[in-house]
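**Q** One predicted model, sequence on top.
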Amino acid sequence: MLTTTNLKPCFRWYRCLSQTSLINQCNFRISAKRCYSEQKTIEDDIPYIRMKMVRSPRSIQQNPSRYLRRSFVPKYSKAQHLKKDWNVQNLSTNYKVKVCTTITTGERYDLSKAIGLLNLNGLQPSNLIPNEIVTFKYIYDGVRGDIMVLGQNGSVVSWGFDENTLTNNILPLIESAIINPLVPDKYESEDLDFIELDNEDETTLKLLPSGDANEASFIAEDVIVINSIDQTSGLLDKAAFSSGISRSTSLAVLESALEEHINRSRIITESVSNGKKMNLNERDFLKSIGRLFLIRGKLNLYSEIIETPDLYWSEPQLEKIYKNVSKYLDVVPRINILNSKLDYSTDESRALLAVLNERKSTFLEWIIIYLIAFEVCFELYHYYEKNYIQTEQSSTDKENKIK
């Protein structure tokens with residue numbers, strides 16, 4: 001093995017690993033800093049980027065090339081404030097790794113109606129954040145977890161239950177409280193692992209990055225770590241994570257709607273490119289443009305997808321959690337991509353509508369030409385009738401008089 005003792009002052013190398021191969025597609029970049037250490041090996045100088053398999057939403061499992069749901073460039077898996085020797089496996093060996101499941105079922109939830117429905121089913125819901133989030137405890141098959149209903153984006157988040165349990169047992173309880181519900185096949189979901197620290201003992205404090213019981217909740221190495229030593233603080237942290245994750249699933253619903261529109265319009269575009277006749281009318285194109293404007297409105301006007309909720313402006317810790325999970329799920333790049341696709345799709349629909357209107361105007365022009373032609377024919381006939389038929393008749397009458 002090559003060491004720095006066998007070399008003259010060398011350059012420090014950095015490894016850049018692609019997502020498809022961790023070994024065969026390595027590229028090295030030279031930094032301006034020089035390495036004079038005599039005991040470290042070159043391999044020790046190369047920081048290793050740990051890649052983990054992450055679970056993706058249902059829409060990505062069906063068609064992984066549709067959306068930008070994870071960054072293509074690998075990132076360092078540890079948060080900046082964590083110690084270099086800290087690893088989430090230290091927590092997973094002492095605490096159970098659970099699943100956090102988020103499902104978007106509609107445009108919004110009527111929270112007051114949802115509270116009434118939950119009370120009828122013997123549950124005890126509470127307004128964690130007035131007019132925004134309702135939470136309640138749920139027990140199923142011996143497992144106890146927190147359920148959060150987010151009214152603004154029509155999502156339900158379960159902390160401790162998988163997607164099947166959430167879909168089959170929890171969502172039916174508040175189904176009638178959904179405003180503008182989605183078809184079940186169009187639900188969007190997101191699954192993330194989480195660990196909840198709820199004991200203030202010496203072992204737990206040693207496992208925390210800072211060793212402080214007031215350590216803020218964070219996401220690292222594809223796992224959410226919830227500090228619930230203070231239960232109220234832990235519940236608010238869960239609410240912040242829930243808002244960030246549901247932001248991603250709400251965006252996925254709009255991405256799916258646009259994808260359906262693109263698939264429909266592609267058939268028309270290909271037909272036009274092949275010189276075939278469009279079999280659509282003006283009403284169909286207006287409906288298509290209306291759908292695009294509705295998607296754009298849901299993204300930019302009628303929801304809080306593109307902005308930070310007002311609550312988190314006054315809570316820096318919760319705002320940090322919200323922004324971190326949004327960054328982890330690549331929400332901002334996806335919003336930019338979605339807006340770009342909407343721009344192109346709208347221009348495409350308008351161009352096709354212009355072609356249809358031009359064809360319609362051409363048809364009207366031909367009708368006018370035919371009418372003018374008929375009018376000319378009638379005038380010619382009248383001229384012939386006036387000048388030739390009457391002349392012949394008058395000459396015939398004169399001849400008859402002479403006889």
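**A** Thanks, I have the structure now.
**Q** contacting residues around stretch 311-330?
**A** Contacts of stretch 311-330 with the rest of the structure, by CB atoms under 8 Å, 6 or more residues apart in numbering, involve 68-71, 79, 129, 132, 190, 216-219, 224, 236-237, 239-241, 243-245, 247-248, 308-309, 332. Every residue, glycine included, has its C-beta placed from N, CA and C.
**Q** Could you list the buried residues of it?
**A** Buried positions in stretch 311-330, judged by neighbour count with 16 or more other CB atoms under 10 Å: 311-312, 318-319, 321-326, 328-330.
**Q** Buried ones among the contacts of stretch 311-330?
**A** If we count by 16+ other CB under 10 Å, those have these buried: 69-70, 129, 132, 190, 216-219, 224, 236-237, 239-241, 243-245, 247-248, 308-309.
**Q** just checking, which of those residues belong to helices?
**A** Among these, the ones falling in helices (DSSP state H) are 236, 237, 239, 240, 241, 243, 244, 245, 247, 248.
**Q** surely residue 215 meets residue 227?
**A** Yes: taking contacts as CB atoms under 8 Å, residue 215 lies within contact range of residue 227: 5.4 Å.
**Q** Average pLDDT for the helix or strand hosting residue 226, rounded please.
**A** For residue 226, the host element (DSSP states H and E) is strand 223-227. Across strand 223-227, pLDDT averages out at 89.
**Q** what lines up beside that strand in the sheet?
**A** strand 188-197 (parallel), strand 218-220 (antiparallel) (DSSP bridges).
**Q** longest helix of the protein?
**A** Longest helix in the chain, counting by DSSP H: helix 331-384.
**Q** about what we covered before: for the buried residues of stretch 311-330, give me JSON lines that also has distance to residue 170 and pLDDT.
**A** Shown next, in JSON lines, are the buried residues of stretch 311-330 (distance: CB to CB, whole Å; pLDDT from 0 to 100):
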{"residue": "311", "distance to residue 170": "24", "pLDDT": "76"}
{"residue": "312", "distance to residue 170": "26", "pLDDT": "80"}
{"residue": "318", "distance to residue 170": "24", "pLDDT": "91"}
{"residue": "319", "distance to residue 170": "28", "pLDDT": "91"}
{"residue": "321", "distance to residue 170": "24", "pLDDT": "93"}
{"residue": "322", "distance to residue 170": "23", "pLDDT": "93"}
{"residue": "323", "distance to residue 170": "28", "pLDDT": "92"}
{"residue": "324", "distance to residue 170": "26", "pLDDT": "92"}
{"residue": "325", "distance to residue 170": "22", "pLDDT": "93"}
{"residue": "326", "distance to residue 170": "25", "pLDDT": "92"}
{"residue": "328", "distance to residue 170": "25", "pLDDT": "92"}
{"residue": "329", "distance to residue 170": "22", "pLDDT": "93"}
{"residue": "330", "distance to residue 170": "27", "pLDDT": "93"}
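**Q** Quick check: the gap between residue 321 and residue 385.
**A** Residue 321 sits 92 Å away from residue 385, going by CB to CB, to the nearest Å.
**Q** ugh, typo on my part, it should be residue 120
**A** For residue 120, the distance to residue 385 - CB to CB - is 88 Å.
**Q** With residue 174 instead?
**A** 83 Å.
**Q** From the chain's centre, how far out is the longest helix of the chain? Work that out for me.
**A** 35 Å (CA atoms, centre = their mean, to the nearest Å).
**Q** right, and residue 119 touches residue 134 too?
**A** No: the pair residue 119 and residue 134 does not pass the contact test of CB under 8 Å, sitting 11.1 Å apart.
**Q** higher neighbour count, the two?
**A** Using other CB atoms under 10 Å as the criterion, residue 119 and residue 134 rank with residue 134 on top: 25 against 12.
**Q** ok, now which ones touch the more buried one?
**A** 111, 114, 115, 118, 125, 126, 127, 128, 148, 149, 151.
**Q** List the buried residues in the helix or strand hosting it.
**A** Using DSSP H and E, residue 134 sits within strand 133-140. Residues of strand 133-140 classed as buried by neighbour count (16+ other CB under 10 Å): 133, 134, 135, 136, 138.
**Q** same deal with stretch 111-121?
**A** For stretch 111-121, burial by neighbour count (16+ other CB under 10 Å) applies to 111, 114, 115, 117, 118.
**Q** Redo those as JSON lines? Include secondary structure, pLDDT and distance to residue 266.
**A** Listed next are the buried residues of stretch 111-121 as JSON lines, based on DSSP: H, G, I helix; E, B strand; the rest coil; pLDDT from 0 to 100; distance: CB to CB, whole Å:
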{"residue": "111", "secondary structure": "helix", "pLDDT": "95", "distance to residue 266": "40"}
{"residue": "114", "secondary structure": "helix", "pLDDT": "96", "distance to residue 266": "39"}
{"residue": "115", "secondary structure": "helix", "pLDDT": "96", "distance to residue 266": "44"}
{"residue": "117", "secondary structure": "helix", "pLDDT": "96", "distance to residue 266": "42"}
{"residue": "118", "secondary structure": "helix", "pLDDT": "96", "distance to residue 266": "44"}
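**Q** How many residues are close by residue 110?
**A** Using other CB under 10 Å, residue 110 is surrounded by 15 other residues.
**Q** so how far is residue 167 from it?
**A** Distance of residue 110 to residue 167, given as CB to CB: 20 Å.
**Q** Many thanks, we can stop here.
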